[in-house]
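Chemist: Sequence and predicted structure are below.
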Amino acid sequence: MQIHLSPRHLTLTASIHSYVAEKIGHLEQLADHIIAAHVVLMHDENKTKKHTVKVHLAVAGPDIHAEDTEDDLYAAIDKVVAKLSMQLRKRKTKIASHKKHLTQLAAEGRKRGYKRL
């Protein structure tokens, strides 16, 4: 999986880079079909001095997006990764149940004597 980091109004240090790579890398355990991840790290200096993290995961089918804003950058990264993991689990369950449903339909068709198309 390719991870692309885009810092906006903050300096990308080695520790931030490794932390993001580690957290996004853990998502591959949930779904091995992730093609790429684009992570945007933003710091709002003017109004609230908050950090915003936006992540776009490129996967087969509809892409997955998540965003979170926190006072601490690392907390925002953690919350975004939690949101993405929930979305990936939901997607995996949905795909598995759809495959199970198709298998059940095929088995019922064979019982009734229908041939598979």
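Modeler: It's in.
Chemist: Need the residue closest to the centroid of this protein.
Modeler: residue 84 (3.8 Å; Cα atoms, centre = their mean).
Chemist: Quick check on that residue: phi, psi?
Modeler: Main-chain torsions, residue 84, degrees, to the nearest 10: phi -70, psi -40.
Chemist: Over to the one 4 residues further on?
Modeler: Phi and psi for residue 88, reported as degrees, to the nearest 10, are phi -70, psi -40.
Chemist: Kindly tell me how buried it is, as a neighbour count.
Modeler: 20 (other Cβ atoms under 10 Å). Heads up, the C-betas are built off the backbone N, CA and C, glycines and all.
Chemist: Distance check, it against residue 18.
Modeler: Per Cβ to Cβ, to the nearest Å, residue 88 is found 22 Å from residue 18.
Chemist: Where does pLDDT dip in the chain?
Modeler: For the chain, applying pLDDT under 70 flags the ranges 47, 114-117.
Chemist: those helices in it, which residues are they?
Modeler: Using DSSP state H, the helices assigned to the chain run over residues 14-26, 73-112.
Chemist: Select, out of the ones you listed, the one closest to residue 54.
Modeler: Minimum separation from residue 54 across the helices of the chain (Cβ to Cβ) falls at helix 73-112, 7.7 Å.
Chemist: can you pull the buried residues of the closest one?
Modeler: By neighbour count with 16 or more other Cβ atoms under 10 Å, helix 73-112 contains the buried residues 73, 76-81, 83-85, 87-88, 91.
Chemist: Quick check: of these, which lies closest to residue 61?
Modeler: Of the buried residues of helix 73-112, the one sitting nearest to residue 61 (Cβ to Cβ) turns out to be residue 91, at 8.1 Å.
Chemist: quick one: the closest one and residue 64 touch, right?
Modeler: Yes. With contacts counted by Cβ atoms under 8 Å, residue 91 reaches residue 64, the gap being 7.4 Å.
Chemist: What number of residues are in the vicinity of residue 63?
Modeler: Count around residue 63 with other Cβ under 10 Å applied: 12.
Chemist: from here on, count from 120
Modeler: Taking 120 as the first residue, the last one we looked at is residue 182.
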